[in-house]
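*Asks:* Turn this into a structure:
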Amino acid sequence: MSLNSQGIDAIWKIGKYSVLKKMANKLGLTIRELPKTHKLYQKINDELKRDKTNRFKTAKFMPVVEVVNLPKVDPKDKYFQIIIIRNTPTLFDVATKRKTAKNAYCIVIFGGLHQPTKKLNSEAIKIISKFQKAKAFKLYRVDFAKDIKDPKPIDQEGLKAFKERFKPYSSAWVVHAQKNAKAYYTSYYINDVKHRSIDTILYYDKYNKSVQKKERVSFEDRHWKRLEVVLIFDVTRPKSLNFIDYINSNEFLNDFLDLEEMAKNAKIKKYSNDYLEYQINSLIDNRFMNNKQSRKQFNLSEALEHFNKSEFRRYVLPI
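*Replies:* I've put the predicted structure just below:
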């Protein structure tokens, strides 16, 4: 497993549900509803409690969570699916701003894109690529992840230093060290970051989290830590961007520089952007996956090595 690298772990987009269904049908994908016991419903219900306008009057506008299983991906690998969310306050705000039916829009989540211990399938990445190119789906959220090896434990002592370093971005009271059921400190996080795009910063013990989920992970990677930075965008603005437009914009250049600053604050000194550049190039142009290494497994180290040896690039990171 290759650590000390950065990549995009999730892309969230917002678009019309009718357009999504047409694309899914054209691509031969099946949309199915998830049971109400799914954990995402709890998150939506929490959002509803904070929604002062109380816009859920009839069953027609109750929240719905759906899933699309990607081709050649084991359905048990729930980290690598397309998740669809409908009827939330955020989506109602978009519909109101654009003067359309209240239930016209949906959130589409492409998750699990940066998982070094998982096998990502190139055919599935090609499907995801088509949605990133679609102008009808605007960028709502991007989760950037930096994986490193750091033997320092996540504990109360480390929390004090973490608070101090990130003080300019949030009040100290918003930074927490979170415990799991076994009373082991696993993460530091900041919500409501004072930034134009960055919403959340999370630093956690990725190895411990994988063990708790009973995922296969080597003991050699016991010092595996991850810094996740979540960027949120206002899709109600007149010139909201899709993913391709965003990565080519000055807005991304500014955000990318701030991502570098967040890494410095977290005392992450060395990491590679090779996988991130490989991801973006593959989403823009599927020809980057037309080699035996990538076809075997998208995130195979040999696939990245093949990409690095190639002189052709459709996209180069701004720094």
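*Asks:* Sketch out the low-pLDDT regions of this protein for me.
*Replies:* By pLDDT under 70, the weakly predicted segments of the chain are 1-2, 52-59, 72-79, 171-185.
*Asks:* switch the cut-off to 50
*Replies:* For the chain, applying pLDDT under 50 flags the ranges 1, 173, 181-183.
*Asks:* how close does residue 4 get to residue 201?
*Replies:* 19 Å (CB to CB, to the nearest Å). C-betas here are computed from N, CA, C, even on glycine.
*Asks:* Looking at the two, which one has more neighbours?
*Replies:* The neighbour comparison of residue 4 against residue 201 (other CB atoms under 10 Å) goes to residue 201, with 23 against 14.
*Asks:* ranges for the helices of the stretch 51-200 of the chain?
*Replies:* 89-97, 122-133, 156-165 (DSSP state H, counting those that start in this stretch).
*Asks:* These: which one's closest to residue 246?
*Replies:* Closest to residue 246 of the helices of the stretch 51-200 of the chain, according to CB to CB: helix 122-133, at 9.8 Å.
*Asks:* so what does the closest one touch, helix or strand wise?
*Replies:* strand 5-16, strand 105-110, helix 243-247, helix 274-284 (3 or more CB pairs under 8 Å, 6 or more residues apart in numbering; DSSP states H and E).
*Asks:* Report the strands that pair with the second one, each with its relative direction.
*Replies:* Going back to what we said before, that points to strand 105-110. strand 5-16 (antiparallel), strand 82-86 (antiparallel) (DSSP bridges).
*Asks:* what angle sits between that strand and helix 274-284?
*Replies:* 130 degrees (axes from the mean of the first three to the mean of the last three CA atoms, to 10 degrees).
*Asks:* Name the single longest helix found in the chain.
*Replies:* Using DSSP state H to define each element, the chain has its longest helix at helix 250-265.
*Asks:* could you say what helices and strands that one packs with?
*Replies:* Packing partners of helix 250-265 (3+ CB pairs under 8 Å, 6+ apart): strand 198-205, strand 224-232.
*Asks:* closest one to residue 24 among the ones you listed?
*Replies:* With CB to CB as the criterion, residue 24 lies closest to strand 224-232 of the helices and strands packed on helix 250-265, at 25.2 Å.
*Asks:* Just checking: what are the partner strands of that closest one?
*Replies:* Here, using DSSP bridges, strand 224-232 pairs with strand 138-149 (antiparallel), strand 198-205 (antiparallel).
*Asks:* The shortest one to helix 250-265, inter-axis angle?
*Replies:* Our comparison of strand 198-205 with helix 250-265, counting by the same axes, to 10 degrees, yields an angle of 30 degrees.
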